[in-house]
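K.L.:
Dropping the sequence and predicted coords here.
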Amino acid sequence: MSATYGWGSPDRKLGHVPRRYLRLHRSTETGEYLVLQPDETDEPFAVRLEANTYSIRWHSVVSRETKDVGTVEVEDGGNTTFAAPFAEAGPAVLHLKRDGN
């Protein structure tokens, strides 16, 4: 499993997250992404993903709550918008996993 750490990178092979969002990890073997939204906000943000279907799981840093919220289908690759589903705004981790793995 490979990992990439650092602030959003324009490297399209690894995905792209705007600079204010920290991309923690992307596994090339499993097609998993972990994105930390570190702000005290509930504003949506965009992540550039490869074309595929992904399961969506959110983790609230504040309440330690976890929510599975279904799937998203990315057809052409490109920016997909996400917003944390928690009642209380705050830092959250978005976990995307490519279906079929």
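P.N.:
That came through fine.
K.L.:
Pull up the per-residue confidence for the nearest residue to Glu32 once chain neighbours are set aside.
P.N.:
Once flanking residues are discounted, Glu32 sits nearest to Lys97: 4.8 Å by CB to CB, 6 or more residues apart in numbering. All C-beta spots, glycine's among them, are computed from the backbone N, C-alpha and C. Lys97 carries a pLDDT score of 93 in this model.
K.L.:
Hmm, Lys97 is touching Thr53, no?
P.N.:
No. When contacts are counted by CB atoms under 8 Å, Lys97 is not listed as touching Thr53 (9.9 Å).
K.L.:
Quick check on the two: which one has the bigger neighbour count.
P.N.:
The neighbour count for Lys97 versus Thr53, taken as other CB atoms under 10 Å, is higher for Lys97 (18 against 13).
K.L.:
Check which helix or strand Ile56 maps to.
P.N.:
strand 52-60 (DSSP states H and E).
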